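Student: Below: sequence and its predicted model.
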Amino acid sequence: MGLLRSVVLAGGGTGGHIYPLLAFADALRRHFPEVRITTLGSPKGMENELIPPAGYDLRVIPAFQLPRSLNLNLLRTPDRMYRSAHAAGQILDEVQADVVVGFGGYVSVPAYLAAWRRELPIVIHEVNVPPGVANRMGMKFTRNIAVGFPTQPQQAESLRDARVVGVPLRTAITRMDRHALRPQALAHFGLRPDLPVLFVSGGSSGARTINLAVAGAAKKLAHAGIQVLHVQGGRNDPFEVPSDLPVPYVVVPYLSDMQLGYAAADLMLCRGGAITVAETTAIGMPAIYVPYPFSNQEQERNARPVVEAGGGLLVDNGELTPEWIERTVIPLARDPRRLATMGAAAGGHGRRDGDEALLDFVCEAVARR
Ligand SMILES: CC(=O)N[C@H]1[C@@H](OP(=O)(O)OP(=O)(O)OC[C@H]2O[C@@H](n3ccc(=O)[nH]c3=O)[C@H](O)[C@@H]2O)O[C@H](CO)[C@@H](O)[C@@H]1O
């Protein structure tokens, strides 16, 4: 594509901003192998662990604190933000960027600012309702806004004209055949093929409440014949699991090959991060969602439509105890027919083409320029 020679992708902080960026970068590379792809990240975000191994050029720009007010006045832009925007601008010039695509996280803001000053097209992809602070600032500079999920106009005025493109997801997840991959996944984790597997993940950073509640129910789960595959989470404290259990309880710090976890699982217990919900629905995974309680009910909003369609259960963070798990999770994990019904309902809610749909949207934005 003649119009597109160099694309800068900005996004960082947690996996929730980085995985969609990577999935989009993969789609870009698939369709336009000649296009130069540069990513912008912050010094301490998870992008440093996730982007270079994926084979993309990561440029780190200085960190800064976002001002609380969104009434951005460039003359009063704090020094550190100015420095970050200046660094982002130098990179845009160096790589001769044609467009900036931002996925949220603080590092997106200087990229949006620098692109706006250069009159470059900016495309924003937002997965959360309400949108995150960084993207809300970016929305002052562009009308090219794409969202992961349909939103109610009354929920977010700023997203009213946005294009719903879905969430760019890794093809390792969207293109996997769960049933075909299952034997390899079970063998990889040392799990048995004859017993159900509960897959536990608190999102990219892990979730202490989930970790402690499930580990607290380890004996009951094991004696009920339920195996557990438990992702501790990249930045979470270790927890104790009894060593003398009759069936496997496998703890892993973090899964780079998340598709193996999904392929091994019969049921998932997880937070309600937007990308997690997009993935569970894309692959038709029945799930128990435990939304993070301190993010504006955003995670509950992500999970509720899926649960209302019959694709899973929703439990309050405060109510997730070992006793709740014993009462609710054990009977569900041992009921394959109910799991199959739930999985089908979840699958009815998912889409797998977010990477391609966002790429179309970006190409349109560049062509309109
Ligand atoms: C506490 C908090 O503020 N969480 C936010 C954060 O969640 P978080 O960063 O946890 O993001 P999500 O739950 O949306 O996605 C997690 C991603 O990490 C991947 N993964 C997870 C564990 C693992 O071992 N390996 C792995 O690859 C998952 O497959 C998924 O792709 O960003 C999301 C998207 O902006 C928001 O909706 C969440 O509210």
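Tutor: Yep, that arrived.
Student: List the contacts of the lowest-mean-pLDDT helix or strand in the chain.
Tutor: The weakest-scoring helix or strand in the chain, judged by mean pLDDT, DSSP states H and E, is helix 133-138 (a mean of 90). Here helix 133-138 makes contact (Cβ atoms under 8 Å, 6 or more residues apart in numbering) with 66, 70, 72, 102, 104-109, 112, 122, 124, 126, 130, 158. Placement of C-beta: from N, CA and C, glycine included.
Student: tell me which of those is nearest to residue 142?
Tutor: Residue 142 has its nearest neighbour among the contacts of helix 133-138 in residue 122, at 4.0 Å by Cβ to Cβ.
Student: what's the pLDDT at the nearest residue to the closest one once chain neighbours are set aside?
Tutor: Leaving aside its chain neighbours, residue 122 sits nearest to residue 142 (4.0 Å; criterion: Cβ to Cβ, 6 or more residues apart in numbering). We have a pLDDT of 96 for residue 142.
Student: do residue 75 as well
Tutor: Per-residue pLDDT puts residue 75 at 45.
Student: Quick check: pLDDT value at whichever residue of the stretch 151-300 of the chain sits closest to the ligand.
Tutor: The nearest approach of the stretch 151-300 of the chain to the ligand comes at residue 273, 1.9 Å away (Cβ to the nearest ligand atom). With respect to pLDDT, residue 273 has a value of 95.
Student: Same check on residue 230?
Tutor: pLDDT at residue 230 comes out at 98.
Student: ok, back up a step: chain center to the least confident helix or strand of the chain: distance?
Tutor: 18 Å (Cα atoms, centre = their mean, to the nearest Å).
Student: Tell me which helix or strand comes right after that helix.
Tutor: Proceeding N to C from helix 133-138, the next assigned helix or strand is strand 145-147, under DSSP states H and E.
Student: Okay, now the sheet partners of the following helix or strand past that next one, with direction.
Tutor: Downstream of strand 145-147, the first helix or strand assigned by DSSP H and E is strand 163-164. Next to strand 163-164 in the sheet, as set by DSSP bridges, lie strand 145-147 (parallel).
Student: average pLDDT across the strand it pairs with?
Tutor: 95.
Student: contacts for that strand?
Tutor: With contacts defined as Cβ under 8 Å, 6+ apart, strand 145-147 is touched by 123-127, 129, 139, 158-159, 161-165, 357-358, 361.
Student: Next, the buried residues of stretch 343-354.
Tutor: Across stretch 343-354, burial judged by 16 or more other Cβ atoms under 10 Å covers 343, 345, 346, 347, 349, 350, 351, 352, 353, 354.
Student: export these to CSV and tack on distance to residue 48 and secondary structure?
Tutor: Below are those laid out as CSV (distance: Cβ to Cβ, whole Å; DSSP: H, G, I helix; E, B strand; the rest coil):
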residue, distance to residue 48, secondary structure
343, 35, helix
345, 38, helix
346, 33, helix
347, 34, helix
349, 33, coil
350, 30, coil
351, 30, coil
352, 28, coil
353, 29, coil
354, 24, helix
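Student: before we move on, the earlier item: buried subset of the contacts of helix 133-138?
Tutor: Buried members of those, counted by 16+ other Cβ under 10 Å: 72, 102, 104-109, 112, 122, 124, 126, 130, 158.
Student: and which of those residues is nearest residue 320?
Tutor: Lowest distance from residue 320 to those (Cβ to Cβ) belongs to residue 130, with 24.8 Å.
Student: Now do the closest one against residue 354, distance only.
Tutor: Look at residue 130 and residue 354: by Cβ to Cβ, to the nearest Å, they are 20 Å apart.
Student: any bit of stretch 9-18 sitting next to the ligand?
Tutor: Yes. With Cβ under 6 Å from any ligand atom as the criterion, the ligand is reached by stretch 9-18 at 14, 15, 16, 17.
Student: The second one and residue 46 touch, don't they?
Tutor: Yes. With contacts defined as Cβ atoms under 8 Å, residue 15 counts as touching residue 46 at a distance of 5.7 Å.
Student: Let me see the contact set for residue 35.
Tutor: Shown in contact with residue 35 (Cβ under 8 Å, 6+ apart): 1, 4, 5, 6, 7, 28, 29.
Student: Same question for residue 310.
Tutor: Applying Cβ under 8 Å, 6+ apart to residue 310 gives the contacts 341, 342, 345.
Student: can you list those in a markdown table and add distance to residue 308 and pLDDT?
Tutor: Shown next, in a markdown table, are the contacts of residue 310 (distance: Cβ to Cβ, whole Å; pLDDT from 0 to 100):
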| residue | distance to residue 308 | pLDDT |
| --- | --- | --- |
| 341 | 14 | 98 |
| 342 | 12 | 98 |
| 345 | 10 | 98 |
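Student: Any chance of TSV for these, columns distance to the ligand?
Tutor: TSV is the format used below for the contacts of residue 310 (distance: Cβ to the nearest ligand atom, whole Å):
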residue	distance to the ligand
341	24
342	19
345	20
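Student: Tell me the one among the residues you listed nearest to residue 36.
Tutor: Distance to residue 36, by Cβ to Cβ, is smallest for residue 345 among the contacts of residue 310, at 42.4 Å.
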